[in-house]
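Student: structure for this input, please:
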Amino acid sequence: MSERWILLLAILIILGIAGASTAANQTDDASTAAVLTGSDSNYHTKVVLLGTTGGVSWYPETGRASSSSAVVVGDTIYLVDIGQGSASRLSEAFNTGDFVETPTGRVENGSSTFLSHARALFFTHLHQDHTADYPSLLLIGPGAGLGTSIDPKTGETTISPLQVIGPGNRGELDADKTNYTARGGTIIYTDTSDPEAITPTPGLRQMTQTIMQSFAQTINDMTLDDGYRDFTKLITVKEIGGSEAGDIAFPVPVIDPNNETCPSMAPFEIYSDKNVRVTATLVDHHQVFPALAYRFDTADGSIVFSGDTGPDTNGNLQKLADGADLLIHEVIDPAWIDLKFGDPKPGSQMAALKEHMLSSHTSIDKVGSVADSCRAKTLVLNHIVPGNTPVTNLERVAENTSAHLIIGEDLMQIGIGRSD
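Tutor: Numbering: from 1, shown residues only. The predicted structure is shown next:
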């Protein structure tokens, strides 16, 4: 064979190897998310779905807890929402004990400290299916290491407050679309000695303070009689749209929280540390304001939580979630809405609730196109309403998206990037 042909063959071989390498990289890049099992869970960054339903109810024939997730980077935990039932899921996912055999039987060696790995909690909005287990976290968490840090070398425990970040005061009461006050309904206000702090629309900081006040007797007993740390020092609260020092302002003004809940805006940073950068934007959850979506960027990839939202966010979600490895998005089954509400009388309570369901959530037939408009690689269905929606209904989402589809389940773990 001539030198010319040998040279040509060598070039073809090199090109073939390069092409194969490029194809392999493209495959890896396209497959950046994986549902994990016990044998392949060694991902540096992963999401743990703690509660995968939503709505102010409990659904029969399902064990789904309400909305809550955890982003885990290394051994550090970042929580998003903590709805009803999800505190128990949090313990199931992360609470591993050290057990020893004693002359009287097997017992745990000391007390759990798993929450010492939790660094921040982010609330998308203040509906109870996203906040109902917050009191449990505040009250039971101190017995499991909440707000502390343990030095891996010395074992010394120090206070390292959990950062709690979420909506500030709404600013004004919702428009009464159900004639609630005309029918004699009661508007609830905060009770405080400060007249300027009396409000029907408290934000996250005041909500946290009133939880502490409501449980003052037990908290005081635990600190005075049982040796617990100061509960109030185990967390720090930062409000998005709040007015105190350290709070986070919206990048554009919000003129009317009853009608313009998500004006077009660029994503804005709300948190960062050595593991993660978190950005946010406003989304459309009807009159609920603020309602937020969050993006977590780590060295391994990006994870976006839509929060509760209708499909039209004035482009806000698309800007936040552009090219995300994981888009974890809410979904509602329109067949259930039609069956539940039928054709209610205009102006009735049922009509108002049906309108809320249709306009402030994203249906099975629309969520796929939202994922595509965000150029998301993987779409994870979460905050599934109702929680007992048949999986076959949810599988129809795949007909309207090019993203890889995952139907969320409680305690499901999803890794991004590559495993250790």
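Student: ok, which stretches of the chain are helices?
Tutor: 3-30, 86-94, 128-131, 134-140, 204-214, 216-224, 316-321, 334-341, 349-359, 364-373, 391-395 (DSSP state H).
Student: just put those in JSON lines and tack on mean neighbour count.
Tutor: All C-beta spots, glycine's among them, are computed from the backbone N, C-alpha and C. JSON lines is the format used below for those (neighbours: other CB atoms under 10 Å):
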{"stretch": "helix 3-30", "mean neighbour count": "10"}
{"stretch": "helix 86-94", "mean neighbour count": "21"}
{"stretch": "helix 128-131", "mean neighbour count": "22"}
{"stretch": "helix 134-140", "mean neighbour count": "20"}
{"stretch": "helix 204-214", "mean neighbour count": "17"}
{"stretch": "helix 216-224", "mean neighbour count": "13"}
{"stretch": "helix 316-321", "mean neighbour count": "24"}
{"stretch": "helix 334-341", "mean neighbour count": "14"}
{"stretch": "helix 349-359", "mean neighbour count": "16"}
{"stretch": "helix 364-373", "mean neighbour count": "20"}
{"stretch": "helix 391-395", "mean neighbour count": "13"}
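Student: residue 370 and residue 362 touch, don't they?
Tutor: Yes - counting by CB atoms under 8 Å, residue 370 does reach residue 362; the two are 6.2 Å apart.
Student: what is in contact with these two at once?
Tutor: Taking CB atoms under 8 Å, 6 or more residues apart in numbering as the criterion, residue 370 and residue 362 both touch 311, 329.
Student: pLDDT score for residue 240?
Tutor: Per-residue pLDDT puts residue 240 at 98.
Student: okay, now it: neighbour count?
Tutor: By other CB atoms under 10 Å, 22 other residues sit near residue 240.
Student: burial count for the residue nearest to it when sequence neighbours are not counted?
Tutor: Nearest non-adjacent residue to residue 240, counting by CB to CB, 6 or more residues apart in numbering: residue 248, 4.8 Å away. Using other CB under 10 Å, residue 248 has 17 neighbouring residues.
Student: how much space between residue 248 and residue 187?
Tutor: Using CB to CB, to the nearest Å, residue 248 is found at 28 Å from residue 187.
Student: cool, and residue 371?
Tutor: Going from residue 371 to residue 187 by CB to CB gives 39 Å.
Student: again, but for residue 274
Tutor: Distance from residue 274 to residue 187, by CB to CB: 45 Å.
Student: with residue 398 instead?
Tutor: As for residue 398, its distance to residue 187 is 45 Å (criterion: CB to CB).
Student: and these two? Which one has more around it.
Tutor: residue 398 (14 against 9).
Student: enumerate every residue touching the closest residue to that one other than its chain neighbours.
Tutor: Once flanking residues are discounted, residue 398 sits nearest to residue 405: 4.8 Å by CB to CB, 6+ apart. Residues near residue 405 by CB under 8 Å, 6+ apart: 368, 378, 379, 381, 395, 397, 398.
Student: likewise residue 173?
Tutor: For residue 173, the contacting residues are 187, 200, 201, by CB under 8 Å, 6+ apart.
Student: try residue 111
Tutor: 143, 144.
Student: with residue 119 instead?
Tutor: Contacts for residue 119 (CB under 8 Å, 6+ apart) come out as 76, 77, 78, 160, 162, 163, 273.
Student: in strands, which of these fall?
Tutor: The members of the contacts of residue 119 that map onto strands under DSSP state E are 76, 77, 78, 162, 163.
Student: show me what the fourth one bridges to in the sheet.
Tutor: Listed beta-bridge partners, residue 162: residue 235 (assigned using DSSP bridges).
Student: and it, how far from residue 178?
Tutor: The value you get for residue 162 to residue 178, if CB to CB is used, is 37 Å.
Student: how many neighbours does the residue nearest to residue 52 when sequence neighbours are not counted have?
Tutor: Residue nearest to residue 52 in three dimensions, not counting chain neighbours: residue 408, with 4.3 Å by CB to CB, 6+ apart. Neighbour count for residue 408, taken as other CB under 10 Å: 23.
Student: from residue 293, how far off is residue 408?
Tutor: 16 Å.
Student: same question, residue 194
Tutor: Distance from residue 194 to residue 293, by CB to CB: 33 Å.
Student: these two: which has the busier surroundings?
Tutor: Neighbour tally, residue 194 and residue 293, criterion other CB under 10 Å: the higher count belongs to residue 293, 27 against 7.
Student: who's in contact with that one?
Tutor: Contacts for residue 293 (CB under 8 Å, 6+ apart) come out as 124, 280-283, 304-307, 309, 313, 316-317, 320-321.
Student: and with 7 Å instead?
Tutor: Counting by CB atoms under 7 Å, 6 or more residues apart in numbering, residue 293 touches 280, 281, 283, 304, 305, 306, 307, 309, 317, 320.
Student: pretty sure residue 114 sits against residue 94.
Tutor: Yes - counting by CB atoms under 7 Å, residue 94 is a contact partner of residue 114 at 4.8 Å.
Student: circling back: the residue nearest to residue 398 pairs with what?
Tutor: Under the criterion used (DSSP bridges), residue 405 bridges to residue 379.
Student: and if you look at residue 118?
Tutor: Beta-bridge partners of residue 118, as defined by DSSP bridges: residue 77.
Student: tell me, what's the model's pLDDT at the closest residue in space to residue 294 that isn't next to it in sequence?
Tutor: Of all residues not flanking residue 294 in the chain, residue 305 sits nearest, at 4.9 Å (CB to CB, 6+ apart). pLDDT, residue 305: 98.
Student: gap between the closest residue to residue 33 other than its chain neighbours and residue 188?
Tutor: Setting aside the residues directly before and after it, residue 33 is nearest to residue 378 in space (CB to CB, 6+ apart), at 4.1 Å. According to CB to CB, residue 378 stands 41 Å off from residue 188.
Student: more neighbours: which of the two?
Tutor: Taking neighbours as other CB under 10 Å, residue 378 and residue 188 compare with residue 378 leading, 24 against 7.
Student: contacting residues for that one?
Tutor: 33, 325, 326, 403, 404, 406.
Student: next one: it from residue 170, what distance?
Tutor: Using CB to CB, residue 378 is found at 33 Å from residue 170.
Student: who's in contact with the residue nearest to residue 240?
Tutor: So residue 248 contacts 238, 240, 270 (CB under 7 Å, 6+ apart).
Student: show me which of residue 162 and residue 178 is the more surrounded one.
Tutor: Higher neighbour count among residue 162 and residue 178: residue 162, with 22 against 17, using other CB under 10 Å.
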